[in-house]
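Chemist: structure, please.
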Amino acid sequence: MSTNAEPTLTPPSPWFPRGAALLRDPELNKSTAFTDAERDALGIRGLLPPRVCTQGEQVARVLGNFRRMESPLQRYIFMSALHDRNEALFFRVVMENPDEMLPVIYTPTVGLACEKFGHIFQRPRGIFISAHDRGRVAEVLRNWPYHDVAMIVVTDGERILGLGDLGASGMGIPVGKLSLYTACAGVAPTRCLPVMLDVGTNNRALHDDPFYLGLAQPRLTGAAYDELVEEFVVAAGEVFPGVVIQFEDFANHNAFRLLEKYRHRICTFNDDIQGTAAVALAGLYSALRVTGGSLADQRLLFLGAGEAATGIADLVVAAMVAGGADPQAARGRCWLFDSKGLVVQARGGELASHKRPYAHAHVPQADFVSAIRALEPTALIGVAATAGAFDQAVIAEMARINQRPIVFALSNPTSKAECDARQAYEWSEGRALFACGSPFDPVTIGARRWVPRQGNNSYIFPGVGLGAVAVRARRITDEMFLAAARTLADLVTPNDLEQGSLYPPLAAVRDVSAHIGAAVGKVAFEQGHAAIARPADLLAHVRACMYEPTYPRYA
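Modeler: Numbers count the residues shown, from 1 in each chain. Okay, the predicted model is just below:
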């Protein structure tokens, strides 16, 4: 059903909130935009100043206040408060100002907001399912006031960005992700549900924090943990039939096995593994338009060997194989470097299962620059959350080996970035093809100006989710992420590449999401995973499903 038509007349009915209750309902509240007729009909005359404002005037007021605030955390709190009182206005502001708003409502500021979660808490958002709720998870989910939920983002808070175990304070991540589903892809906010599986935390500082709001106890593990996750997955499917479940910020030891356990049972994906992979692959496709050559000719060296690194490597290998490469040869083009050095066959016994496909025969290398010299990679991909790891020696060595070195510093928040944009350009003499996980300002050196763009999952996961929802997909597959990566790269213009941008501008993200949604839907139909009749115009169908934050008319 289309959600972007003209606002419809909604006459007052016995169940419709009136008076102050209406002004406290963020889904229905228009604040000073209520007309005179609405104020009379709904019992709110006198509860608002007499002037009737347009939504555009309200946006200008919000932006003025937002821009006067000095710290990102203040701005995050301000926007969260707006979200809590006027949902349509919140999303209008975000959609019209994505470059300003996304770094505040999501990375990098959301990391700090999670660290301060209990200290800045004002109003609950989403569903908290604790270890104490075992046996009644479905009952807890039924407390959610909206029944047409299509997207759930769930975390257990064990690996929040590059910050580690934040327990229930990690709820800011699902909340932020789902805000992006609405702002970037038009999934209606009432169809989005953030979920925190509070299984405890092993972060002793949180146990000792009097303002921590989660279970101050060690993490649930083993069978008890798996039983709670299983109960949640089953209950979510019962309470919200056909819902898409996105697993977010689970630690490595759970992320891979949960994805493998559920990906063939329900419509699910892990954004840290698959979304990160697709956005990185899209960046590689864009970079290759500058360097020339094929993907199968590249040699990738990853700093990091967790969810993001192996997820990217797996999707790159899948893309190489789809292009005709031998699978074993394709895996041989991807190398991992973890906290103990280069991942090689000689370390086989100690390696986690997700690393083993990329443990190749080679002399061990404990030093990262030595590994670069030995392997001569065409691309570096930083996903280890190790600040400053791409130092001058690293970038200079890449520039010595490659005329146009590909350098992706993808860790976030900004405090965990492997290098910043200026360092990448200065140390490579302006030759680096750079993408970042956190936003950086344009860089001017001499007469040359670069506009680095964030290789952020917000280019991928909203469109993937939108496509799955639009065609009621039964599964989300690797081929859908390949299609999403190729679609994103195809939307990068020659002008973008000329200024050093490997991704489209954030201002175009809704259009990007619509095209990705259509590409995902196309794969769903080809693979037999779509549960609707195929529309004549798939892109038009996807666009018709996108929410617009316009005010309805009540009288």
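Chemist: which strands border the strand of greatest length in the chain, and is each parallel or antiparallel?
Modeler: The longest strand of the chain (DSSP state E) is strand 192-198. The strands beside strand 192-198 in its sheet (DSSP bridges) come out as strand 127-130 (parallel), strand 151-155 (parallel).
Chemist: report the distance from the first one to the chain centre.
Modeler: The one in question is strand 127-130. Once both centres are worked out by Cα atoms, centre = their mean, to the nearest Å, strand 127-130 turns out to sit 21 Å from its chain's centre.
Chemist: the strands in the stretch 301-450 of the chain, which residues?
Modeler: Along the stretch 301-450 of the chain, counting by DSSP state E, counting those that start in this stretch, strands occupy 334-338, 341-342, 379-382, 406-409, 433-436, 443-445, 448-450.
Chemist: residue 171 and residue 130 touch, don't they?
Modeler: No - no contact is recorded between residue 171 and residue 130 when judged using Cβ atoms under 8 Å, the distance being 12.0 Å. From N, CA and C alone the C-beta is placed, and that goes for glycine too.
Chemist: which of the two has more neighbours?
Modeler: residue 171 (28 against 19; other Cβ atoms under 10 Å).
Chemist: would you check how far apart that one and residue 429 are?
Modeler: Using Cβ to Cβ, to the nearest Å, we find residue 171 at a distance of 44 Å from residue 429.
Chemist: try residue 20
Modeler: Counting by Cβ to Cβ, the separation of residue 20 from residue 429 is 63 Å.
Chemist: may I see the strands paired with strand 192-198 organised as a markdown table, with distance to residue 433 and mean pLDDT added?
Modeler: Shown next, in a markdown table, are the strands paired with strand 192-198 (distance: least, Cβ to Cβ, whole Å; pLDDT from 0 to 100):
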| stretch | distance to residue 433 | mean pLDDT |
| --- | --- | --- |
| strand 127-130 | 42 | 98 |
| strand 151-155 | 31 | 98 |
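Chemist: chain center to stretch 425-433, what's the gap?
Modeler: Centroid displacement of stretch 425-433 relative to its chain, using Cα atoms, centre = their mean, is 28 Å.
Chemist: my guess is residue 104 contacts residue 79, does it?
Modeler: Yes - shown here, residue 104 and residue 79 form a contact pair, counting by Cβ under 8 Å, at 6.1 Å.
Chemist: these two: which is more packed in?
Modeler: In this view residue 104 and residue 79 are compared by other Cβ under 10 Å, and residue 104 has more residues nearby, 25 against 21.
Chemist: can you give me the helices for the stretch 101-250 of the chain?
Modeler: With DSSP state H, counting those that start in this stretch as the definition, the stretch 101-250 of the chain shows helices at residue ranges 109-115, 117-120, 137-141, 172-185, 204-207, 222-239.
Chemist: between those helices, which one is nearest to residue 516?
Modeler: Within the helices of the stretch 101-250 of the chain, the stretch nearest residue 516 is helix 172-185; the backing value is 8.2 Å (Cβ to Cβ).
Chemist: that closest one: how far from the chain's middle?
Modeler: Helix 172-185 sits 8 Å away from the centroid of its parent chain (Cα atoms, centre = their mean).
Chemist: tell me the angle of it relative to strand 192-198?
Modeler: Note on geometry: by axes from the mean of the first three to the mean of the last three Cα atoms, to 10 degrees, helix 172-185 and strand 192-198 are set 160 degrees apart in direction.
Chemist: ranking the helices of the stretch 101-250 of the chain by burial, who's on top?
Modeler: helix 172-185 (a mean of 26; mean count of other Cβ atoms under 10 Å).
Chemist: list the helices and strands that helix packs on?
Modeler: Identification of packing neighbours for helix 172-185 by 3 or more Cβ pairs under 8 Å, 6 or more residues apart in numbering; DSSP states H and E yields helix 87-96, helix 98-105, helix 109-115, strand 151-155, strand 192-198, helix 461-470, helix 509-527.
Chemist: tell me the contacts of the nearest residue to residue 535 once chain neighbours are set aside?
Modeler: Excluding the flanking residues, the one nearest residue 535 by Cβ to Cβ, 6 or more residues apart in numbering is residue 541, at 3.8 Å. In this structure, residue 541 makes contact with 470, 518, 521, 535, judged by Cβ atoms under 8 Å, 6 or more residues apart in numbering.
Chemist: rerun at 10 Å
Modeler: The contact partners of residue 541, by Cβ atoms under 10 Å, 6 or more residues apart in numbering, come to 2, 470, 471, 517, 518, 521, 532, 534, 535.
Chemist: distance of the spatially closest residue to residue 338 that is not a sequence neighbour from residue 351?
Modeler: Across the structure, with Cβ to Cβ, 6+ apart as the measure, the residue nearest residue 338 apart from its sequence neighbours is residue 305 (4.0 Å). Taking Cβ to Cβ as the criterion, residue 305 is separated from residue 351 by 9 Å.
Chemist: more neighbours: which of the two?
Modeler: For residue 305 and residue 351, the more surrounded residue by other Cβ under 10 Å is residue 305, and the numbers stand at 26 against 19.
Chemist: buried ones in stretch 542-550?
Modeler: Within stretch 542-550, the residues that qualify as buried are 542, 543, 544, 545, 546, 547, 548, 549, counting by 16 or more other Cβ atoms under 10 Å.
Chemist: swap that for stretch 495-504, please
Modeler: Burial within stretch 495-504, assessed by neighbour count using 16+ other Cβ under 10 Å, is assigned to 496, 500, 501, 502, 503, 504.
Chemist: once you drop chain neighbours, what's closest to the fourth one?
Modeler: Nearest non-adjacent residue to residue 502, counting by Cβ to Cβ, 6+ apart: residue 286, 4.1 Å away.
Chemist: measure residue 174 to residue 73 for me?
Modeler: Residue 174 sits 19 Å away from residue 73 when distances are taken as Cβ to Cβ.
Chemist: is it possible to export the helices of the stretch 101-250 of the chain to TSV including mean pLDDT?
Modeler: Listed next are those as TSV, based on pLDDT from 0 to 100:
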stretch	mean pLDDT
helix 109-115	96
helix 117-120	97
helix 137-141	98
helix 172-185	98
helix 204-207	97
helix 222-239	98
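Chemist: wait, which of the ones you listed is closest to residue 510?
Modeler: In terms of Cβ to Cβ, the element of the helices of the stretch 101-250 of the chain nearest to residue 510 is helix 172-185, at 6.3 Å.
Chemist: quick one, the helix or strand containing residue 290 and helix 461-470 angle?
Modeler: For residue 290, the element it lies in under DSSP states H and E is helix 276-291. Compare the direction of helix 276-291 with that of helix 461-470 by the same axes, to 10 degrees and you get 120 degrees.
Chemist: just confirm residue 81 is within a helix.
Modeler: Yes - Residue 81 sits within a helix when classified using DSSP: H, G, I helix; E, B strand; the rest coil.
Chemist: ok, for it, nearest residue in space, not its chain neighbours?
Modeler: In space, residue 81 comes closest to residue 122 once its chain neighbours are excluded; the distance is 6.6 Å by Cβ to Cβ, 6+ apart.
Chemist: give me the number of residues near the one you found?
Modeler: Applying other Cβ under 10 Å, we find 9 other residues in the vicinity of residue 122.
Chemist: got the CA positions of the helix or strand where residue 480 lies in PDB?
Modeler: In this structure, residue 480 is located in helix 478-490 according to DSSP H and E. Once non-C-alpha atoms are left out, helix 478-490 reads as follows in PDB (Å, rounded to 0.1, in the frame of the first residue of the first chain):
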ATOM      1  CA  ASP A 478      23.900 -13.400  -0.500                       C
ATOM      2  CA  GLU A 479      22.800 -12.700  -4.100                       C
ATOM      3  CA  MET A 480      20.700  -9.900  -2.800                       C
ATOM      4  CA  PHE A 481      23.700  -8.300  -1.200                       C
ATOM      5  CA  LEU A 482      25.700  -8.700  -4.400                       C
ATOM      6  CA  ALA A 483      22.900  -7.000  -6.300                       C
ATOM      7  CA  ALA A 484      22.800  -4.200  -3.700                       C
ATOM      8  CA  ALA A 485      26.500  -3.600  -4.000                       C
ATOM      9  CA  ARG A 486      26.500  -3.400  -7.700                       C
ATOM     10  CA  THR A 487      23.400  -1.100  -7.700                       C
ATOM     11  CA  LEU A 488      25.100   1.200  -5.200                       C
ATOM     12  CA  ALA A 489      28.300   1.400  -7.300                       C
ATOM     13  CA  ASP A 490      26.400   2.100 -10.500                       C
END
